[in-house]
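Asks: 3D, please:
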Amino acid sequence: MHHSPNMPPKAPTVPPMPPELLASKRVGYTPGILESARTPIAETEDFMEETCEIAPRELPSGHVLQRYHIIKVMGAGGFGVTYLAWDDLLQRKLVIKEHFPYMLCDRSGKTLDLTLRDPDREDTHNWALNNFRKEARLLATLRHPYIPRVYTWLEAHNTSYYTTEFIEGASLAQISADYAAMGRNIPQAGLYATLVRLLDTLHYIHERELLHLDIKPDNILITRQGLPKLIDFGAAREANGNILPDSVVESTGFSPAEQYAYSEGLGPWSDIYALGATFYYIITQECLPGGRKRELLDDTPPLAGRPKIASCYHPKFLASIDRAIRPSPDERYCCAAHWLADLRPD
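Replies: Numbering: from 1, shown residues only. Prediction:
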C-alpha cells in the first residue's frame, strides 16, 4: 500500500494481549519489574571479577571517619582531598584534610583504603606523607587570628588526616566575582583593611621562617565579620629548608618567577608577590601573565596609571600593589613590614 508523501504512514495495529497475561492483570507487570530491580544481584565470583576494584578518589558523603561524618568534598589537589565534616562529639562543623598523593595511590573499591599503584614508589609516598605530617605540625604551632586552628590528627584507610577550624565565609575570588557581576568595585576601605590584616599575617609566619607559597584569591576566606583567613598551607615550607621540585606549587598568575626555579631565591618577597598579584586580580578581574613570562618581558600596565581604576582607589594604595608585583625580587618589598610602612600616611 502506497501513502501520499504528505501523509504520515498509518500506525500498525496493536496485537491483543495474550490470555495468560490477561489472567495476571490484577498483579500487574510494572510492580514485577520494580520488585526485580530491588532484588540484590548475587555476588558470585564471576560477577565480582567484573566489578571495578578502584573507588572514586573522594570519600562519599555520609561516610563515617571515626567520630566525623563526611558532609561533602570541598576541594582536591595533587597531594590531598579536603572535606567538610561534622564532629559528633563536639557537635560542630570542621574541615578534614586527607593525605592522598593522586599520582601514587588508588582507593580500594571494597575497603576505601589507599593502595600504592607501584610498590617501587613507596619511598616517594613516605616522603609525601612526611611532608603532610610537617604541614599539620606546622599549622598546630601557629596562633594567629587570621590563620585557621588545627584540632586533631587521625589515621584511617591506610592514610592520615588532620582536622582544622571551619570558616563560615566566602573566598576573595567569590567576593570579587560577585562585585564584578554587579558592575561595582570592591570598596577601598574593605580592601585596605583586608590587605593590612593579611600583611600582619605574613609578618607573623615570616618571623617564624615559614613561607606560604600558595597565596591566591581562592586561599583567602572572608568571614561573616569581614575578617580574612589565610588557608591552605599545603605548600608552606621553611624559608631556609630544602625544597624538592615535586613539592613546589605553581599557580599561574600568582606565583613569582623564582618559584618556578624551585628553591632558588625563595623568600618573604615571594609571598609578597603572590599577595600583590591577588589584589591586582580582585581589582582588575585579570590574572597577571606567568611569572617567568614577565621576567623576560613585562608589559603589565601599572594600576596607578589606569584612569578608571585610579578614580576608585588611592594612588598610594595602587602604587604599593604595583611595587609588590614587580618581576624582580630586588624591586619588590623585601618583607611585609616594609609594605606596611609604605602604606602609612605621610
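
Asks: Report how many residues lie close to the closest residue to F233 other than its chain neighbours.
Replies: Closest residue to F233 apart from its sequence neighbours, by CB to CB, 6 or more residues apart in numbering: L139 at 5.6 Å. Placement of C-beta: from N, CA and C, glycine included. The tally of other residues near L139 (other CB atoms under 10 Å) stands at 19.

Asks: Use 687 as the first number for this chain going forward.
Replies: With the count now opening at 687, the last piece we talked about shows up as L825.

Asks: Isn't L825 up against I917?
Replies: No. When contacts are counted by CB atoms under 8 Å, L825 is not listed as touching I917 (10.0 Å).

Asks: Mutual contacts of these two, please.
Replies: Common neighbours of L825 and I917, using CB atoms under 8 Å, 6 or more residues apart in numbering, are P834.

Asks: centroid residue for this protein?
Replies: Centroid check for the chain by CA atoms, centre = their mean gives G761 as the closest residue, at 4.5 Å.

Asks: Find the nearest non-adjacent residue to that one, please.
Replies: In space, and not counting its chain neighbours, G761 is closest to T768: 4.7 Å by CB to CB, 6+ apart.

Asks: Please apply the same query to K915.
Replies: With sequence-adjacent residues excluded and distances taken as CB to CB, 6+ apart, K915 is closest to L907, at 4.5 Å.

Asks: Let's verify the one you found: helix, strand, or coil?
Replies: Under DSSP: H, G, I helix; E, B strand; the rest coil, L907 falls in the strand class.

Asks: Bridging across strands, which residues link to it?
Replies: S857, K915 (DSSP bridges).

Asks: Give the burial count for it, as a bare number.
Replies: By other CB under 10 Å, the residues close to L907 number 22.

Asks: Look up the pLDDT of it for me, please.
Replies: pLDDT recorded at L907 is 95.

Asks: and what of H689?
Replies: Reading off the confidence values, H689 has pLDDT 48.

Asks: Just the helices from this structure, written as ranges.
Replies: Using DSSP state H, the helices of the chain run over 705-709, 716-724, 731-736, 808-827, 858-867, 874-893, 943-946, 954-970, 977-982, 993-996, 1001-1010, 1022-1029.
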